[in-house]
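Undergrad: My questions concern the predicted model and sequence given below.
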Amino acid sequence: MVFDLDGTLTREANSWAAVQRKLGPQGLERQRDRWTRYREGSLDRRGFLVEQVADLRGRAAALLDEVVAEVEYHDGVAAACAQLRAAGVRLAIVSAGISALTERVATDLGMELHRANTIHVAGGLFTGEVDVSVAPGDKARVFAETVQTLGLDPTEVVAVGDSPGDIDMFRAAGLGVAFCPVNEETSDAADVIIDVADMRRLVPFVVGAAAEETG
């Protein structure tokens, strides 16, 4: 099973926005300019992310530690992951968010793999650089790499997400699950919709299917 992170496993819908909020009013003018250029089509999503990280240059990296420490999970996430692992389901995360967050969540929930974007830090300060491993809108490629690393066929994998950025994973997976989808486009692309923010509702769809296959 491959999970999205922001808004799916965690209550925070956008980990980049969570970091931005830690900056306070500083950089708001640049952020507004970025959004204007993005809406006008002169800045793509990858460029948006790179510029956003550049705004962090010279700031104390401790603010990222604060964001990681403040992670809150949706109801039932820990219990659902424990049940899935007990049933032999292997778990992974593919997120266009921040690797410091996916690392903490993967450790908490017993995930085998996690892929996200790494913000560079040196001497306790942000360098303003980022390794974009999961570009927004490019999850299908990373999903395929993750599935291959696990030694599985995509049809054996369940993809769980909440937004249009997860649709390409739904299409590549054997089963696509929209967890509290943010819009109709995401709902329409999924095979299963869970519209209550309790991850325990996911378990019967997965464990039941696995039992049928082995039976």
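TA: Here it is on my side, so go on. Residues are numbered from 1 along each chain as shown.
Undergrad: so what's Leu101 closest to, chain neighbours aside?
TA: Ser15 (5.3 Å; CB to CB, 6 or more residues apart in numbering). Glycine gets a C-beta too; all of them are placed from N, C-alpha and C.
Undergrad: Which residues are in contact with that neighbour?
TA: Residues touching Ser15, when contacts are defined by CB atoms under 8 Å, 6 or more residues apart in numbering, comprise Leu5, Asp6, Val67, Ser95, Gly97, Ile98, Leu101.
Undergrad: And the residues you listed, which is closest to Arg200?
TA: Nearest to Arg200 among these, counting by CB to CB, is Leu5 at 18.3 Å.
Undergrad: sorry, back to before: could you export the contacts of Ser15 as a markdown table, including distance to Gly124, pLDDT and secondary structure?
TA: Written out in a markdown table, the entries for the contacts of Ser15 read as follows (distance: CB to CB, whole Å; pLDDT from 0 to 100; DSSP: H, G, I helix; E, B strand; the rest coil):
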| residue | distance to Gly124 | pLDDT | secondary structure |
| --- | --- | --- | --- |
| Leu5 | 25 | 97 | coil |
| Asp6 | 25 | 96 | strand |
| Val67 | 16 | 93 | helix |
| Ser95 | 25 | 96 | strand |
| Gly97 | 22 | 93 | strand |
| Ile98 | 17 | 95 | strand |
| Leu101 | 19 | 96 | helix |
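Undergrad: Quick check: the farthest pair among the residues you listed?
TA: The two members of these with the most space between them (CB to CB) are Val67 and Ser95, at 13.7 Å.
Undergrad: neighbour-wise, which of the two wins?
TA: For the pair Val67 and Ser95, the greater number of neighbours falls to Ser95 (28 against 19), based on other CB atoms under 10 Å.
Undergrad: what pairs with Ala159 across the strands?
TA: Each beta-bridge partner of Ala159 is listed here, defined by DSSP bridges: Val2, Gly176.
Undergrad: burial of it, as a residue count?
TA: Close neighbours of Ala159, defined as other CB under 10 Å, add up to 29.
Undergrad: now do Gly47
TA: Other residues within reach of Gly47 by the criterion other CB under 10 Å amount to 14.
Undergrad: Please apply the same query to Gln26.
TA: Here the count is done by other CB under 10 Å, and Gln26 has 11 residues near it.
Undergrad: try Cys81
TA: Burial measure for Cys81: 24 neighbouring residues, criterion other CB under 10 Å.
Undergrad: Would you double-check that it falls in a strand?
TA: No: using DSSP: H, G, I helix; E, B strand; the rest coil, the assignment for Cys81 is helix, not a strand.
Undergrad: Chain neighbours aside, what residue packs nearest to it?
TA: Leaving out its chain neighbours, the residue that sits closest to Cys81 by CB to CB, 6+ apart is Leu109, at 4.3 Å.
Undergrad: So Thr127, which state does it fall into?
TA: Here Thr127 is strand, with the state taken from three-state DSSP.
Undergrad: By mean pLDDT, which helix or strand of this structure comes out lowest?
TA: Of the helices and strands making up the chain, the lowest-confidence element is helix 203-214, at a mean of 66, by mean pLDDT, DSSP states H and E.
Undergrad: And the lengthiest strand in the chain, what's buried?
TA: With DSSP state E applied, the strand covering the greatest number of residues in the chain is identified as strand 113-122. Counting neighbours by 16 or more other CB atoms under 10 Å, one finds that the buried residues in strand 113-122 are Leu113, His114, Arg115, Ala116, Asn117, Thr118, Ile119, Val121.
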